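# Task: produce atomic coordinates for the following.
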Amino acid sequence: MRKAIATLTCIAAILPFGGVRASTASHTMADIARQELAKIASSYGVDPAAAMAAPQTFDVFNADGTTTTVTMTTAQILDRMDGLAVPRRATGPGLAPGVPETLVGDLTHFYISVGFSVPSSYAVTSSAAIPSTPGAVVPNPAGGLPLFTEYGGPVIQVKGGGWTLGGHFAGYAAGGINVDLAGGGPYAGPVLTLILDGTIDFVGHGSVAQPCIFSFFGICLLRAGLVLADGVALFDSTLPAGIPILP
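Residues are numbered from 1 along each chain as shown. Reported below is the predicted structural model:
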């Protein structure tokens, strides 16, 4: 059963789609990042192979509220993104950035940002007023798989946007079911559906990491982010204030 994440290296083991290569109709986030890395490194006169071998140190906000500092090479980070397939085209209601959507349940969200001095796109805060709760997994009696994963720990809020490419999974998520309220929902899809988005506004429990994949003289030029959580999220929201900032 999936438990709170201690380090980013657990991601490959807990995601059911980890290690699955994209079909000919799609590519992975890692593929996109590798292509961008090669272009950026070459433009700065850096051997792409050396950039792939460069160690990167970053913090992971764990589900129990602690923070873990992790050091991995760029290649190791990208290897763990290989299961995140990105469709070449996204059409229909809720399938493209700019279409507001609400999701309740287990959440997998990720982004990559490319450019000069890329900022951290996730702003993560932890509520000091709401008590922490223990983690739990609610089983699905019909299929035996987890129906819902309660990460436990403190309630966190994640707000972000401005990435080059970002998206979340609806339908059956990693370890649970997402209730998708877009397009006249609710519905719970029988398969993972990647929906591209431009912003996230989330409240719930979970883990967050956003390592810099490539930096040059201390300036981050390529960054990735990942949220594994359960709670309520708004994507591309048109609400004036979104979810209020938690105390």
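# Setting aside sequence neighbours, what's the nearest residue to residue 82?
residue 30 (4.6 Å; C-beta to C-beta, 6 or more residues apart in numbering). (Glycine included, C-beta is placed from N, CA and C.)
# what's the neighbour count on that neighbour?
By other C-beta atoms under 10 Å, the residues close to residue 30 number 25.
# Assumed it was part of a strand.
No. Assigned with DSSP: H, G, I helix; E, B strand; the rest coil, residue 30 falls outside any strand and is helix.
# Pull the contacting residues for it.
78, 79, 81, 82, 84 (C-beta atoms under 8 Å, 6 or more residues apart in numbering).
# swap the cut-off to 6 Å and go again
Residue 30 sits next to 78, 81, 82 when contact means C-beta atoms under 6 Å, 6 or more residues apart in numbering.
# ok, now residue 54?
Residue 54 touches residue 74, counting by C-beta under 6 Å, 6+ apart.
# Show me which positions of the helix or strand hosting residue 167 end up buried.
Here residue 167, judged by DSSP states H and E, is contained in strand 165-170. Neighbour-count burial for strand 165-170 flags 165, 166, 167, 168, 169, 170 (criterion: 16 or more other C-beta atoms under 10 Å).
# same question, stretch 28-43
Buried residues in stretch 28-43, counting neighbours by 16+ other C-beta under 10 Å, are found at 28, 29, 30, 31, 32, 33, 34, 36, 37, 38, 40, 41.
# And those residues, which is closest to residue 200?
Among these, residue 29 lies closest to residue 200 (C-beta to C-beta), at 15.5 Å.
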